[in-house]
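**Q** coordinates only, sequence not included:
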RNA sequence: GUGGAUGUAGCUCAGUUGGUUAGAGCACUGGAUUGUGGUUCCAGGGGUCGUGGGUUCAAGUCCCAUCUUCCACCCCA
């Protein structure tokens, strides 16, 4: 027990049992993505640091995993920076690659780099791990999988509708009850304008976003701390106090920010999306949340966040529209909208709610026992016939005690065991044992294939 | 990055104000059953008490450092 090996902080192994459940999540999500016409891409685990830095705000930069240059990287570093132990400046000299932090920025890079090969609007999905040097917690890992769907090169709000329908379908298929929260960045900026603090929108939204968690008074306190004037806070209060149905909220917002250009535009967008969605029978609960901001500062239109209704674990899916994401890579004026499903949190939700479909946990339907060299030729022939008939089967590789072979089948959850000993070999009739009922029969190979197929 | 808790057998955990040889359940191995798992009974193996240092006649127990996991903040899937 002295030096037990382990994975790095915040990372995990996935055993066969976990993998079968994780694959269930991935394939459910993939199925929906493809049904809506999205195509898969993959990008490298690492990107040039220049593609990553500055895209996620100051906090984000700190959470990037940087990869040390190869070779004698210190020889090229500035001696003085080394002397001063200036890690931040030094890091740009000894590291030029980093692990991806999300899938959206690499996607933007991909689109700009391959613009000539892509026909727009480009609908893509991507399911790969991302890395963040965060401090781990429940539902928070340093390596986790995101399942992104985005469409880029279309301003139509029909894309937002598409995404919300996919969210609804994915979680319906997974049998998770969810609340889909909607907002619009333009509404947020309309609010900032209406209360006379248009320059301080970021400060206001960051504080406002915590409303759910910490309540009204602490939000006001934080606003003061962030340098928002007392008059503005006073005007913000009715916005925070907004309650009721989507329609009621929209109407109240109308009277509060309808006169600002941005606010009016945001409200109209939100109304349009809701009107489209009306035509569909969504299972998820839709909710307008004027305090929803989300961290990423590149959203410009719709903001979407999904929470599990029955488990407290933070958001399990989120996204929004960004008008100029590819602009940072030198391709301005292309709008995109997308959402990201958090596979690891969805896993935790399914685990907590015990919503996994029943599986045997084993691929093999049949285990053929090994009695030794004399029986091997017949056993192999039976194995070949079973597999040829489309039955997943395996032959125990060593002629060990039958007890051990039976236990192996039992532990792995293999439903049938075929006993092939001397009698079975001579008569060419293996003994089929049903591990669930304990029932045993001697029969021909053709007959037992029929039985297993049932 | 800031603050708090935690770590004893493969797993879940006991272990008294510091005091002889650190325990239990489950799991594992062997046997009862030399061709039968899952149930039952019997026996057995396995721990330098996260790691490194310190205090003490004596440390799983007290002190310091470090790492892991968990919780809150920051932020977020």
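**A** Yep, it's here. Owing to the predicted nature of the structure, the values given are computational and were not obtained by experimental measurement.

**Q** which residues touch residue A:274?
**A** Shown in contact with residue A:274 (C-beta atoms under 8 Å, 6 or more residues apart in numbering): A:182, A:246, A:286. Every C-beta, even on glycine, is put in place using the N, C-alpha and C of the backbone.

**Q** Now do the last one against residue A:49, distance only.
**A** Summarising the geometry, the distance separating residue A:286 from residue A:49, computed by C-beta to C-beta, to the nearest Å, is 39 Å.

**Q** Which residue ranges of the stretch 51-200 of chain A form strands?
**A** Secondary structure of the stretch 51-200 of chain A (DSSP state E, counting those that start in this stretch): strands at A:66-68, A:95-99, A:122-131, A:143-152, A:178-184.

**Q** what angle separates the third one from strand A:143-152?
**A** Right, the one you point to is strand A:122-131. Interaxial angle, strand A:122-131 versus strand A:143-152 (axes from the mean of the first three to the mean of the last three C-alpha atoms, to 10 degrees): 160 degrees.

**Q** And stretch A:144-157, what's buried?
**A** Residues of stretch A:144-157 classed as buried: A:144, A:145, A:146, A:147, A:148, A:149, A:150, A:151, A:152, A:153, A:154, A:157 (neighbour count, 16 or more other C-beta atoms under 10 Å).

**Q** same deal with stretch A:381-401?
**A** A:382, A:383, A:386, A:391, A:393, A:394, A:395, A:396.

**Q** Please apply the same query to stretch A:43-63.
**A** Buried residues in stretch A:43-63 (16+ other C-beta under 10 Å): A:43, A:45, A:46, A:47, A:49, A:51, A:52, A:53, A:55, A:56, A:60, A:61.

**Q** quick one on the thing from earlier: mind picking the two most distant members of the buried residues of stretch A:381-401?
**A** A:391 and A:396 (16.1 Å; C-beta to C-beta).

**Q** can you tell me which residues contact the residue in the stretch 1-150 of chain A positioned nearest to RNA strand B?
**A** Using C-beta to the nearest atom of the strand, the closest approach of the stretch 1-150 of chain A to RNA strand B is made by residue A:138 at 2.7 Å. Residues in contact with residue A:138 (C-beta under 8 Å, 6+ apart) are A:313, A:348.

**Q** And for residue A:387?
**A** Per C-beta under 8 Å, 6+ apart, neighbours of residue A:387: residue A:393.

**Q** can we see that at 10 Å?
**A** Counting by C-beta atoms under 10 Å, 6 or more residues apart in numbering, residue A:387 touches A:366, A:393, A:394.

**Q** What about those, which are in strands?
**A** Under the assignment DSSP state E, the contacts of residue A:387 contribute A:366, A:393, A:394 to strands.

**Q** and which of those is nearest RNA strand B?
**A** Nearest to RNA strand B among the ones in strands among the contacts of residue A:387, with distances taken as C-beta to the nearest atom of the strand, is residue A:366, at 13.5 Å.

**Q** What is the neighbour count of that closest one?
**A** Counted with other C-beta atoms under 10 Å, residues neighbouring residue A:366 total 25.

**Q** How about it, nearest residue that isn't a chain neighbour?
**A** What sits nearest to residue A:366 in space, not counting adjacent residues and going by C-beta to C-beta, 6 or more residues apart in numbering, is residue A:393, at 4.2 Å.

**Q** residue contacts, that neighbour?
**A** Shown in contact with residue A:393 (C-beta under 10 Å, 6+ apart): A:363-368, A:382-387, A:414, A:416, A:418, A:452.

**Q** which one in these is the model shakiest on?
**A** In terms of pLDDT, the lowest of those is residue A:363, showing 80.

**Q** Leaving out sequence neighbours, find the closest residue to it.
**A** That would be residue A:392: by C-beta to C-beta, 6+ apart, it lies 5.1 Å from residue A:363.

**Q** pretty sure the one you found is touching residue A:412, no?
**A** No - using C-beta atoms under 10 Å, residue A:392 makes no contact with residue A:412, being 11.7 Å away.

**Q** Can you tell me which residues in the stretch 301-450 of chain A are near RNA strand B?
**A** Within the stretch 301-450 of chain A, the positions near RNA strand B by C-beta under 7 Å from any atom of the strand are A:314-318, A:340, A:342, A:344-345, A:401-404, A:406-407, A:409-411, A:419, A:421-424, A:431, A:433, A:435-436, A:438, A:440.

**Q** repeat that with 6 Å
**A** Counting by C-beta under 6 Å from any atom of the strand, the stretch 301-450 of chain A comes close to RNA strand B at A:314-318, A:340, A:342, A:344-345, A:402-403, A:406-407, A:410, A:419, A:421-424, A:431, A:433, A:435, A:438, A:440.

**Q** Can you flag the buried ones in these?
**A** By 16+ other C-beta under 10 Å, these give A:314-318, A:340, A:342, A:344-345, A:406, A:419, A:421, A:424, A:431, A:433 as buried.

**Q** List the ones among the residues you listed that fall in helices.
**A** A:344, A:345, A:406, A:424 (DSSP state H).

**Q** quick check, nearest of the residues you listed to residue A:229?
**A** For these, the nearest to residue A:229 is residue A:345 (38.2 Å; C-beta to C-beta).
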